[in-house]
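Visitor: have a look; sequence and predicted model below, questions after that.
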Amino acid sequence: MQDPNADTEWNDILRKKGILPPKEVPKEDEEEVDEGIFKQQSVVKTYEDMTLEELEENEDEFSEEDERAIEMYRQQRLAQWQATQIQNKFGEVMEISGQDYVQEVTKAGKDLWVILHLYKQGIPLCSLINQHLAILARKFKDVKFVKAISTTCIPNYPDKNLPTIFIYRDGDIRAQFIGPLVFGGMNLTQDELEWKLAESGAIKTELEENPRQQIQDQLMTSIRSGFATNKDSDSDED
């Protein structure tokens, strides 16, 4: 009697007709099939942890069933990469002229905060604010910090209005700080300026309360303490 598992042309015909059952897969072949499935599954599990470059390099190893999922992860990683690039796009205060104003400020980009400092050489408070802004620009790299000599952007802009800070978003002014009194004079600290800019929404500060208020509270506490001491001294003399 002919072996139904034999590799003969007649047996192949009978299997196609359904007369003979399908050929049994040897255990060694089953192990190879299982190993192939395992490799495929391992690829599916690891592509989630791959970088964009690794996804490109291993693209030929993925099965058709995985293409949609891989494309989804690729798009997610691309979006994350683009967001990182935007967040680290700036990092310094850019010097502009009146000719650059439209392109660098009002047309800077959608959903982008722009902080413009109008200043003039020889004004100490303007120099102080430029120093503070240089540090804040490195701290908040997703915000565009620019500075310009006042009269190059606004002809005949009065010096009494300096320093001036305009805050823009989508080409519109969202906040403005004009004149030395608004900034509190030469006692302005970096934290105080950071808090002021944060109140406009341009930056997200980690400061928990207004530094200026802390100074005022300390001053009032000192005054009250001094008043109480003087009062006790007068009582003792009486």
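Guide: Looks like it came in fine.
Visitor: dump whichever strand or helix holds I129 to CSV, keeping only the CA atoms.
Guide: Remark: I129 resides in helix 124-139, with elements defined by DSSP states H and E. Taking Å, rounded to 0.1, in the frame of the first residue of the first chain, the C-alpha atoms of helix 124-139 are listed here in CSV:
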residue,chain,number,x,y,z
PRO,A,124,20.6,101.8,32.2
LEU,A,125,17.2,100.2,32.7
CYS,A,126,17.1,99.1,29.0
SER,A,127,20.5,97.5,29.5
LEU,A,128,19.4,95.7,32.6
ILE,A,129,16.3,94.3,30.9
ASN,A,130,18.4,93.1,27.9
GLN,A,131,20.5,91.2,30.4
HIS,A,132,17.5,89.6,32.0
LEU,A,133,15.9,88.8,28.7
ALA,A,134,19.1,87.0,27.5
ILE,A,135,18.8,84.6,30.5
LEU,A,136,15.0,84.2,30.0
ALA,A,137,15.5,83.4,26.3
ARG,A,138,17.8,80.5,27.2
LYS,A,139,15.2,79.3,29.8
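Visitor: would you map the helices across the protein?
Guide: Listed in chain order, the helices of the chain (DSSP state H) span 9-17, 27-46, 52-57, 67-87, 101, 124-139, 150-153, 180-183, 190-199, 211-237.
Visitor: what's the closest non-adjacent residue to L112?
Guide: Of all residues not flanking L112 in the chain, K144 sits nearest, at 6.1 Å (C-beta to C-beta, 6 or more residues apart in numbering). Any C-beta I mention is one placed from the backbone N, CA and C, and that applies to glycine too.
Visitor: in the helix holding I129, which residues are buried?
Guide: By 16 or more other C-beta atoms under 10 Å, the buried positions in helix 124-139 come out as 125-126, 128-130, 132-133, 136-137.
Visitor: pLDDT on stretch 93-111, on average?
Guide: For stretch 93-111, mean pLDDT rounds to 91.
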